[in-house]
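Visitor: Build me a model from this:
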Amino acid sequence: MSKKSKVHVFVRTRPTDNFAHDLIEFQDDNKTIDIHAKGKDAKRTVVNNQLLDWSFKMDGILHNASQDQMYSEVASDMVTQLMEGYNGTLLCYGQTGAGKTFTMTGTTENYKHRGVIPRSISQVYREIANRPEHSINVRISYLEIYNETMFDLLSTLPSNFMGFPSMSITEDEFGVNIKGLSMHAAATEEEALNLLFEGETNRAIAAHSMNSVSSRSHCIFTIHVETRSRTESTAMYMKSKLNLVDLAGSERLSKTGSEGKTQTEAMYINKSLTFLEQTIIALADKRREHVPYRQTKLTHALKDSLGGNCNTVMIANIWGEAQQIEETISTLRFATRMMCISIEAAVNEFYDPVLVVKKLEKEIIHLKQELAMHDTLANRSQINYEPLSDSQLMEVDTQVRRYLDGSLDELDIVNIRQIQNIFGTFKKLVGQMEMDVEARLRAKYTMIDRSDPAAIAAAQRAGVVFDEHGGASYVGDVDGQGFGLGMAPASAKPTHSAVASAKKRGRRSKDRSSPQGGAGRPSPVPSTQPSQPSPTRQIGLETRDSATRLETSSAAGSATAMEATQAPRASTPPLRTVAFEEFKHERGSEINRILMENKDILSAKNKLCRDLAKTINLTKQEIDETRLTLEQLRSERLEQGEFVSENGEQVISEQEFQLMKKLKELKASYRSDYDELTQVKSEKKYCQKLVDQCRQRLVTEFDNWYSDCFLSNGGEENQTSAQAGLGARPGTLYNGDVVSLPWD
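Guide: Numbers count the residues shown, from 1 in each chain. Below is the predicted model:
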């Protein structure tokens with residue numbers, strides 16, 4: 001069961017004789033601190049907008065508190081929850097020399113000055129002694145992060161301190177793990193304290209003007225606890241850990257006067273603390289989707305402790321002297337941000353897989369016994385629920401094959417295992433049938449891999465024709481009703497003129513008794529007509545009449561007579577361009593009208609696409625400009641310091657709010673226009689397809705009409721205009737010449 005809460009923050013002041021009572025004021029509730037800072041330009045008469053009065057409300061104030069009082073108020077409950085299965089983290093944050101290390105470890109000279117870590121170890125082992133019904137194992141680890149490099153303070157290998165760190169941070173479903181960090185078992189309190197003292201001797205420390213034993217690294221002392229029940233035979237157990245973090249203090253180089261190596265260490269310390277503050281700000285902002293945990297080793301190692309499954313408490317150490325008032329305000333502002341982080345701690349329960357397997361095996365045996373008793377009472381004692389043997393599997397295979405052959409009408413079903421094996425046998429037989437069919441097809445036909453250009457080229461050289469979708473066509477389109485030659489495509493059907501000519505040949509051959517009767521006769525031309533036709537139509541009539549006579553002569557006579565009687569045409573057919581214009585205004589007028597309407601619609605869709613694209617580009621440009629302005633305002637707000645309301649929400653300016661509102665509206669407009677553009681493009685594609693279909697049909701109808709009217713003869717009824725040498729279809733090459741035809 002999880003419980004939601006906020007990070008608890010306590011403020012502890014360093015005892016000093018020069019405490020600035022006029023600048024720092026504690027309220028009676030022991031939770032509120034008022035800071036009255038003095039401006040640097042107080043003597044000047046210019047307007048000073050610098051914020052000088054601050055008020056911070058924490059969970060508790062430890063002013064001149066002893067180590068015992070501090071521990072009982074801050075860390076005691078956390079250790080108790082550790083033994084109940086909850087993770088915990090205690091951090092000490094503040095400027096250098098504010099008393100963080102004293103709070104965490106204390107001093108070895110006086111027993112009363114013990115810090116949080118030794119007191120926590122003592123309480124853990126007291127809790128273990130008070131819980132005899134549980135088996136509790138304790139392990140200790142000690143991690144140091146020095147100049148963004150991780151070191152194991154309890155490692156016995158000297159390579160860790162020779163510049164060859166081998167540790168890395170990994171994540172799994174259970175949280176963050178430090179790969180390569182050693183964990184040492186501690187059966188007694190003495191062993192745990194020895195591990196603590198051993199790690200303390202390996203820490204990096206240095207001296208500067210503000211602290212003679214300043215910590216130059218971040219240290220994380222972790223107590224790992226594993227609890228198992230001795231009275232309950234359950235596979236469930238609990239694992240929890242307590243992180244005690246001693247952060248290095250932030251430094252101002254102008255005050256510490258650090259140089260050389262100490263200055264480099266201070267730069268790394270300030271950098272990591274800055275990234276820690278950025279992570280805290282991101283966690284406090286509910287609208288942030290990404291939290292930069294991986295910027296530093298410190299934030300990545302504390303990912304579980306910052307807003308995760310962990311009870312987190314922070315002690316803000318301040319130095320209450322007037323010279324340190326700026327660092328005090330900075331520490332308290334960080335503590336205020338820390339209080340805005342939500343945490344959700346839960347008991348860490350796990351299940352031992354070995355015990356789970358044993359428990360399930362016992363349950364299976366019990367269920368089998370109950371099932372056998374039920375079958376006996378139901379007079380079904382012959383049923384066996386064990387896996388089928390090899391002979392039984394062969395019997396199932398034989399029954400399935402007999403069932404498929406028809407020699408067996410029904411399959412006897414006994415249990416679920418038999419049904420599963422029957423389906424498995426069916427699946428195996430179907431696979432064998434598919435392999436046999438594929439083998440026969442490969443033996444009879446040649447398979448072509450469509451993804452292999454070389455195979456496709458070889459097939460094309462062999463005469464295989466591929467359509468626009470990559471399919472091969474041989475005789476016609478497959479009808480889908482089984483294997484066969486298929487149906488001939490529509491383009492392979494004879495034209496109407498060829499069918500009519502064949503019918504006329506049949507009728508005239510019956511009427512004529514002599515094959516020479518019609519040979520060499522000229523085409524009759526009527527002397528008088530009601531109306532004078534156009535030259536094009538007159539040529540077409542003469543050509544068709546002459547072709548009819550030639551067909552009749554060819555059907556009735558021999559080849560020699562046909563060669564002797566063939567006469568040259570009276571005139572040549574008109575140009576295809578002239579005939580095409582006439583066709584569009586007469587027989588093809590309806591198709592041409594539809595083509596023109598589709599072209600107009602396509603042109604309108606193209607114009608609409610261009611307008612929408614232009615609008616979307618302008619909106620995108622405005623979104624980028626608005627986002628850039630908003631980022632600048634946010635950067636200025638972060639530099640000046642954020643203001644948080646009583647509910648923990650950030651306070652922003654009216655200009656930033658209006659920009660955020662405008663950005664949201666622009667994004668909605670951009671999304672709407674983009675969806676409309678996608679729809680218009682789809683309609684445009686459909687219109688383009690209609691235009692292409694109409695154009696193709698118009699050209700096909702014209703070609704058939706032109707062949708019927710001007711190019712038909714007795715020898716080759718299906719001869720096209722291109723084959724007759726009088727024209728070509730657009731885009732077709734004959735003998736290296738290109739003949740083009742205007743589309744409209």
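Visitor: what stretches of this structure score poorly on pLDDT?
Guide: Filtered on pLDDT under 70, the chain yields the residue ranges 1-2, 39-50, 157-165, 208-209, 211-212, 381-382, 462-571, 642-648, 712-744.
Visitor: which residues in the stretch 201-350 of the chain form helices?
Guide: Assigned by DSSP state H, counting those that start in this stretch, the helices in the stretch 201-350 of the chain fall at 253-256, 261-284, 297-301, 325-338.
Visitor: buried set for the last one?
Guide: Judged by neighbour count using 16 or more other C-beta atoms under 10 Å, the buried positions of helix 325-338 are 325, 327-338. Bear in mind the C-beta positions are built from the backbone N, C-alpha and C, glycine included.
Visitor: In terms of secondary structure, what does that helix contact?
Guide: Helices and strands touching helix 325-338, as assessed by 3 or more C-beta pairs under 8 Å, 6 or more residues apart in numbering; DSSP states H and E, comprise strand 8-13, strand 32-36, strand 53-57, strand 88-94, helix 261-284, strand 311-318.
Visitor: export the ones you listed to TSV and tack on mean neighbour count and distance to Arg228?
Guide: Converted to TSV, the helices and strands packed on helix 325-338 look like this (neighbours: other C-beta atoms under 10 Å; distance: least, C-beta to C-beta, whole Å):
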stretch	mean neighbour count	distance to Arg228
strand 8-13	23	30
strand 32-36	16	45
strand 53-57	14	43
strand 88-94	25	20
helix 261-284	19	34
strand 311-318	25	22
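Visitor: Tell me which of the ones you listed approaches Asn194 most closely.
Guide: Closest approach to Asn194 among the helices and strands packed on helix 325-338 is made by strand 88-94 (21.6 Å; C-beta to C-beta).
Visitor: Report the inter-axis angle for that closest one versus helix 325-338.
Guide: Interaxial angle, strand 88-94 versus helix 325-338 (axes from the mean of the first three to the mean of the last three C-alpha atoms, to 10 degrees): 160 degrees.
Visitor: neighbouring contacts of strand 88-94?
Guide: 74-75, 78-79, 81-82, 100-101, 103-104, 116, 240-247, 249-250, 302, 304-305, 310-319, 327, 331, 334-335, 338 (C-beta atoms under 8 Å, 6 or more residues apart in numbering).
Visitor: Apply 7 Å and report the result again.
Guide: The contact list for strand 88-94, computed with C-beta atoms under 7 Å, 6 or more residues apart in numbering, reads 75, 78, 81-82, 100, 103-104, 116, 242-247, 249, 305, 310-318, 331, 334.
Visitor: same thing with stretch 4-14?
Guide: 33, 58-65, 70, 74, 98-99, 103, 312-320, 335, 338-339, 341-344.
Visitor: ok now that stretch, how far from the chain's centre?
Guide: Averaging C-alpha positions (C-alpha atoms, centre = their mean, to the nearest Å) puts stretch 4-14 39 Å from its chain's average.
Visitor: Same question for stretch 23-39.
Guide: The answer for stretch 23-39 is 50 Å, by C-alpha atoms, centre = their mean.
Visitor: Could you export it as PDB, CA atoms only?
Guide: Below are the C-alpha coordinates for stretch 23-39, written out as PDB (Å, rounded to 0.1, in the frame of the first residue of the first chain):
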ATOM      1  CA  LEU A  23      18.700  39.800  10.000                       C
ATOM      2  CA  ILE A  24      17.300  36.300  10.900                       C
ATOM      3  CA  GLU A  25      14.000  36.000  12.900                       C
ATOM      4  CA  PHE A  26      12.300  32.800  14.000                       C
ATOM      5  CA  GLN A  27       8.600  32.900  14.600                       C
ATOM      6  CA  ASP A  28       6.800  31.300  17.600                       C
ATOM      7  CA  ASP A  29       5.400  28.300  15.500                       C
ATOM      8  CA  ASN A  30       9.000  27.100  15.200                       C
ATOM      9  CA  LYS A  31       8.400  26.600  11.400                       C
ATOM     10  CA  THR A  32       8.700  30.100   9.900                       C
ATOM     11  CA  ILE A  33      12.000  32.000   9.300                       C
ATOM     12  CA  ASP A  34      12.000  35.700   8.300                       C
ATOM     13  CA  ILE A  35      15.000  37.200   6.600                       C
ATOM     14  CA  HIS A  36      15.600  41.000   6.600                       C
ATOM     15  CA  ALA A  37      18.600  41.500   4.300                       C
ATOM     16  CA  LYS A  38      20.400  44.800   3.800                       C
ATOM     17  CA  GLY A  39      20.800  46.200   0.300                       C
END
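Visitor: And the contacts of that stretch?
Guide: Counting by C-beta under 7 Å, 6+ apart, residues outside stretch 23-39 touching it are 11, 48, 50, 52-61, 63, 320, 322, 325, 329, 332.
Visitor: Quick check: buried residues in that stretch?
Guide: Result for stretch 23-39 [16+ other C-beta under 10 Å]: buried residues 23-24, 33, 35, 37.
Visitor: got it, and stretch 391-411?
Guide: Buried, per 16+ other C-beta under 10 Å, within stretch 391-411: 392, 396-397, 399-400, 403.
Visitor: Mind exporting the C-alpha coordinates of that stretch to CSV?
Guide: C-alpha atoms of stretch 391-411 as CSV (Å, rounded to 0.1, in the frame of the first residue of the first chain):
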residue,chain,number,x,y,z
SER,A,391,2.8,-44.6,-28.1
GLN,A,392,-0.2,-42.5,-27.2
LEU,A,393,1.0,-39.7,-29.5
MET,A,394,1.4,-42.2,-32.4
GLU,A,395,-2.1,-43.4,-31.7
VAL,A,396,-3.5,-39.8,-31.9
ASP,A,397,-1.6,-39.3,-35.2
THR,A,398,-3.1,-42.5,-36.6
GLN,A,399,-6.6,-41.5,-35.6
VAL,A,400,-6.3,-38.1,-37.2
ARG,A,401,-5.0,-39.5,-40.5
ARG,A,402,-7.9,-42.1,-40.5
TYR,A,403,-10.3,-39.3,-39.8
LEU,A,404,-9.0,-37.3,-42.7
ASP,A,405,-9.1,-40.3,-45.0
GLY,A,406,-12.7,-41.0,-44.1
SER,A,407,-12.2,-44.4,-42.5
LEU,A,408,-13.0,-43.0,-39.0
ASP,A,409,-16.1,-41.1,-38.4
GLU,A,410,-15.4,-39.7,-34.9
LEU,A,411,-12.4,-39.0,-32.6
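Visitor: Show me what it is in contact with.
Guide: 418, 421-422, 425-426.
Visitor: quick one on the thing from earlier: closest to Ile616 out of the buried residues of stretch 391-411?
Guide: Taking the buried residues of stretch 391-411 together and measuring to Ile616 by C-beta to C-beta, the closest member is Val400, at 62.4 Å.
Visitor: Tell me how far that closest one lies from Leu411.
Guide: Distance, Val400 to Leu411, by C-beta to C-beta, to the nearest Å: 7 Å.
Visitor: and if you look at Thr89?
Guide: Thr89 is 64 Å from Leu411, where distance means C-beta to C-beta.
Visitor: Check Phe423 too.
Guide: 11 Å.
Visitor: Repeat that for Asn598.
Guide: From Asn598 to Leu411 the distance is 62 Å (C-beta to C-beta).
Visitor: which residues touch Lys667?
Guide: Ile623.
Visitor: how does it look with 6 Å?
Guide: By C-beta atoms under 6 Å, 6 or more residues apart in numbering, the contact set of Lys667 is empty.
Visitor: Tell me what angle the helix or strand hosting Thr626 forms with helix 261-284.
Guide: Assigned by DSSP states H and E, Thr626 belongs to helix 589-640. Using the same axes, to 10 degrees, the direction of helix 589-640 lies 130 degrees away from that of helix 261-284.
Visitor: Who are the packing partners of helix 589-640?
Guide: helix 654-706 (3 or more C-beta pairs under 6 Å, 6 or more residues apart in numbering; DSSP states H and E).
Visitor: what is the orientation angle of the helix it packs on with helix 589-640?
Guide: Angle of helix 654-706 versus helix 589-640, following the same axes, to 10 degrees, is 160 degrees.
Visitor: Now do helix 654-706: distance to the chain's middle.
Guide: 27 Å.
Visitor: what does stretch 86-106 give?
Guide: With C-alpha atoms, centre = their mean, you get 41 Å for stretch 86-106.
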